[in-house]
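Engineer: need a structure here:
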Amino acid sequence: MARKRRRRSSKKKNGSKSIKSMLRQVVNKGVAPLAFWQQLSSKDYEVLNADGNYAALDYLGKLKVAANILTGSLTGRVAFPDQYNPSPSGQPRINPAGVVNKWVGIGILAKLYGKIGKSMKLPEAATIDRVGNKAIFGGAIGGFFDPPGNPGGYVSTANVMPNVIAQNRATTQRSISQFQRNRSFVPLDSFDSSTGSAFR
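Structural biologist: Numbers count the residues shown, from 1 in each chain. Model (predicted):
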């Protein structure tokens, strides 16, 4: 009986350890990409989420927009020209001031905890220290390529869904031109030469 109890308790301990190790791995691997993407794209999505055209896109369209944010920010070129362009100038978005951001701050705090926790033997100090390194790295790279804002709150990526805007503008211009042509058109058989009037 005693052996069975020991086996059960050891299994419970191993199970809890495996869950903790899995969580550590997820956090350890995910924090750098998360910090990079959130810092890189947050200002773009502030603009996009305020636009009804983006909200109406399907999942594939939104994936294309995300791909454009990534490639356009880093290289200046977008993979899908018919979707949102975060860098209409054709140049990479360079923002050295963006290196100082919330993710870098979180990473610094995590490293402080790791250093102090190591000397004081606080829980998960080593893991949090490693996570801090990755948060700093991901946040700094994402911030270097995020769009710079200004005190007025204007974001340089305000060209929301340029293809939709251009299409709407072209449709409106065609409608106006057609309306003007219809107004000026007089059928050949409707002119009365005796009265000089366009209508009989």
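
Engineer: all contacts plus neighbour counts: C-alpha atoms, from now on.
Structural biologist: Will do.

Engineer: for this structure, what spans make up the helices?
Structural biologist: Secondary structure of the chain (DSSP state H): helices at 2-49, 52-55, 59-75, 102-120, 125-144, 162-184.

Engineer: among those helices, which is nearest R93?
Structural biologist: Closest of the helices of the chain to R93 is helix 59-75, at 5.1 Å (criterion: Cα to Cα).

Engineer: Check which residues of that closest one are buried.
Structural biologist: 61-62, 64-74 (16 or more other Cα atoms under 10 Å).

Engineer: before we move on, what about stretch 76-91?
Structural biologist: Under the neighbour-count criterion of 16+ other Cα under 10 Å, stretch 76-91 has 76-78, 83-88 buried.

Engineer: Nearest spatial neighbour of V27, chain-adjacent residues omitted?
Structural biologist: V131 (7.3 Å; Cα to Cα, 6 or more residues apart in numbering).

Engineer: now swap in A32 and tell me
Structural biologist: In this structure, A32 finds its nearest non-sequential neighbour in G138, 4.4 Å apart by Cα to Cα, 6+ apart.

Engineer: Show the contacting residues for that neighbour.
Structural biologist: Listed by Cα atoms under 8 Å, 6 or more residues apart in numbering, the contact set of G138 reads 31-36, 103.

Engineer: Of these - the most surrounded one?
Structural biologist: Neighbour tally across those (other Cα atoms under 10 Å): the maximum, 27 neighbours, falls on W103.

Engineer: Quick check: the closest residue to it other than its chain neighbours vs A35, distance?
Structural biologist: Nearest non-adjacent residue to W103, counting by Cα to Cα, 6+ apart: G139, 5.0 Å away. Distance of G139 to A35, computed by Cα to Cα, to the nearest Å: 5 Å.
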